[in-house]
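Participant: what shape does this take:
(one chain, ligands or ions: 1)
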Amino acid sequence: MVFAGGRRDDGGMEKLFVKVCGLRLEQDVDTAVEAGADAIGFVFAESPRRVDADTAARLARRVPEDVLTVGVFRNQAVDEVRRLAGLAGVRGIQLHGDEGAEDYAALRREGVTLIRATSCRESSPRYGEFGEDLLLLDAPVPGSGATWDWTVKDFAGAGDRWILAGGLSPQNVGEAVRSARPWGVDVSSGVESSRGVKDPALITAFVEAARSAR
Ligand SMILES: O=C(O)c1ccccc1N[C@@H]1O[C@H](COP(=O)(O)O)[C@@H](O)[C@H]1O
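Facilitator: Coordinates of the predicted model:
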């Protein structure tokens, strides 16, 4: 199921989808929701931002229905992904590793949005190849805060609903959106004061900068 985010601005245009990822604290979740984020990500992959299922479940319960909660995974067994996503009660699953079409098929169930994250190194990523709902184009090392040159990429195969990630920040997201014209954006490092520590002011600034980009 494709997330029906589709919040519309006053002019009837579909607003840019904005995901804030790697949240671990209640105040950061509340800040992201209040700023107008469409999705909140909880990292279950190896990372300084990793949370356990109980923490993610407690945080996810604070998130209103119209904001998508996403569990982020990388090269974890399908059963483990299913188990953690179920315990946390997230409605989206984002896979960042070498997962194949069979993994997406195994995780497919009513009401869950599947996000396939792939590196910009892939020459021409094509939407839907793995049965995903949304395609996310990222830097080679996820969550590193490294940018990549999205100006040289041909996004024709990425479909209408693809998400740009990798080193985005309040400073560069406007230019990135105008240049690459994604359907959505995702951020983690760019809204942190130090690795794994979110800065509420940067979260708010990021959502505002992304939204005013188009
Ligand atoms: O954030 C992490 O630590 C992480 C770990 C493993 C897989 C994905 C991870 N995060 C995702 O990375 C991108 C971009 O992050 P950044 O803004 O460059 O730091 C984003 O899609 C996160 O969901």
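Participant: so the residue of the chain found nearest the ligand, which state does it fall into?
Facilitator: Relative to the ligand, the nearest point of the chain is Gly143 (2.4 Å; CB to the nearest ligand atom). Any C-beta I mention is one placed from the backbone N, CA and C, and that applies to glycine too. Counting by DSSP: H, G, I helix; E, B strand; the rest coil, the backbone at Gly143 sits in coil.
Participant: and it, what pLDDT?
Facilitator: Reported pLDDT at Gly143 in the predicted model: 91.
Participant: near the ligand, which residues of this protein are found?
Facilitator: 21-22, 41, 43, 45, 47, 49, 72, 74, 96, 117, 136, 138-139, 142-145, 165-168, 186-190 (CB under 6 Å from any ligand atom).
Participant: wait, what's in contact with the closest residue to Pro142 other than its chain neighbours?
Facilitator: Counting by CB to CB, 6 or more residues apart in numbering, the nearest residue to Pro142 once its immediate chain neighbours are dropped is His96, at 4.7 Å. Applying CB atoms under 8 Å, 6 or more residues apart in numbering to His96 gives the contacts Ala45, Val72, Phe73, Arg74, Asn75, Ala117, Asp138, Pro142.
Participant: residues near the fourth one, how many?
Facilitator: Going back to what we said before, that points to Arg74. 19 (other CB atoms under 10 Å).
Participant: phi, psi of it?
Facilitator: phi -150, psi 110 (degrees, to the nearest 10).
Participant: report the contact partners of it.
Facilitator: With CB under 8 Å, 6+ apart, Arg74 has these contacts: Ala45, Glu46, Leu95, His96, Gly97, Pro142.
Participant: check which helix or strand the second one maps to.
Facilitator: What it means is Glu46. Glu46 belongs to no helix or strand when elements are defined using DSSP states H and E.
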